[in-house]
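# Pasting the sequence and the predicted coordinates here, then a few questions.
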Amino acid sequence: MVFVGPSGCGKSTLLRLIAGLETLTSGEIVIADRQVMDLPPSKRGIAMVFQSYALYPHMSVFHNMAFSLNLQGVSKAEITKRVEAAAKILQMEHLLDRRPAALSGGQRQRVAIGRAIVRNPDVFLFDEPLSNLDAALRHDTRVEIAKLHRQLGATTIYVTHDQVEAMTLADKIVVLKDGEVMQVGAPMDLFNMPANEFVAGFLGSPKMNFFDGVLTDVSADNTKAKFTGDGIKTKNIRLVSTEKSPGDSARLGIRPQHMQLDPKGPIKGTITLVERLGTETIVELLTSENTPFRFASPDAPDLKVGDEACFAFDATKAHLF
């Protein structure tokens, strides 16, 4: 389960409530069929991996990983067995005698994860564990965390503001905004069927394009509508809000990947920027009403700044908000 949303939306607070580091004012927290609101963090069956690693600098990797087990009075033989098993899973058996200062950022993160694994918790809590790593290492560690989850099978709650992490790691995503849940669901359900404009704009890169206009017709079952605005006329577009009627203002949302170059297409724009990334080309444009929008293509179309371009789009993948 991944909590995702912009800074300050309540992701870490929610995680800290589950961990017992903040006090709940209402509601219940149930872990493994027991209420834990009145239990201290140590008795909740959770293990938390922090953004800042939180390793003891004067202890070796082995002793950092064994520390919580020592506190619990686990036997030395059992501690050694658990630490070595966790080190094997994380491929860091050769690092057990080192201190944190002698490790790279990625290795320190693995020690922090190993320290959580040895406790055999009911729930793993990850609080933005990859935000201190560089791009290549983030990808590698993300893959490791995904494999680890499959291997251990334990419930894992993961907090991030990075939608790529959310989309790739989650079985289920919770999108938060200003302390409220915007939508919950499987990653591709949220991507393909966003429940509101915020979710649509938050998930996906480059961001979804939005065009302002009005509804000119609404189907009898309130699921489809026609739209006019920004020089665009469309029909049979998915209507997200079911309480709309003709004449109401609305925004048409189309993902940059769902647009195609078409000289007769309804969307017309003047190119302001072309980004060639190798794997795809992203083109930024302005409509006649000065609305910015983007087009993304896996090809390398011959487009230059200042050119005009027209686009068609896949109406089955567009939304009206």
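Perfect, thanks for sending it.
# end-to-end on stretch 108-124?
17 Å (C-alpha to C-alpha, to the nearest Å).
# same question, stretch 186-199
13 Å.
# who's in contact with that stretch?
Defining contact as C-beta atoms under 8 Å, 6 or more residues apart in numbering, one finds that stretch 186-199 is touched by 166-168, 170-173, 175, 177, 182-183, 200, 203-204, 210, 238, 240, 251, 253, 317, 319, 321. Quick note: C-beta positions are derived from backbone N, CA and C, even for glycine.
# buried stuff in that stretch?
By neighbour count on 16 or more other C-beta atoms under 10 Å, the buried set for stretch 186-199 is 187, 190-191, 194-199.
# Can you mark which positions in the helix or strand hosting Ile145 are buried?
Using DSSP states H and E, Ile145 sits in helix 135-152. Buried residues in helix 135-152, defined by neighbour count with 16+ other C-beta under 10 Å: 137-138, 141-142, 144-145, 148-149.
# Closest one to Val4 out of those, please.
Within the buried residues of helix 135-152, the smallest distance to Val4 is 13.7 Å, found for Arg142 (C-beta to C-beta).
# How about the contacts made by the closest one?
So Arg142 contacts 130, 165, 168-169 (C-beta under 8 Å, 6+ apart).
# which one among those gets closest to Gln107?
Distances from Gln107 to the contacts of Arg142, taken by C-beta to C-beta, are shortest for Leu130, at 13.6 Å.
# so where's the stretch 201-321 of the chain shaky on pLDDT?
Within the stretch 201-321 of the chain, not a single segment meets pLDDT under 70.
# what ranges do the strands span in it?
209-218, 224-229, 232-239, 249-254, 259-261, 267-276, 281-286, 292-297, 308-313, 319-320 (DSSP state E, counting those that start in this stretch).
# Take those strands and write them to CSV, including mean neighbour count and distance to Leu55.
Shown next, in CSV, are those (neighbours: other C-beta atoms under 10 Å; distance: least, C-beta to C-beta, whole Å):
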stretch, mean neighbour count, distance to Leu55
strand 209-218, 18, 44
strand 224-229, 20, 54
strand 232-239, 18, 49
strand 249-254, 21, 44
strand 259-261, 17, 47
strand 267-276, 16, 39
strand 281-286, 19, 39
strand 292-297, 19, 41
strand 308-313, 18, 50
strand 319-320, 22, 45
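# Let me have those in CSV, extended by distance to Val111.
Below are the strands of the stretch 201-321 of the chain laid out as CSV (distance: least, C-beta to C-beta, whole Å):
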stretch, distance to Val111
strand 209-218, 43
strand 224-229, 53
strand 232-239, 47
strand 249-254, 43
strand 259-261, 45
strand 267-276, 38
strand 281-286, 38
strand 292-297, 39
strand 308-313, 48
strand 319-320, 44
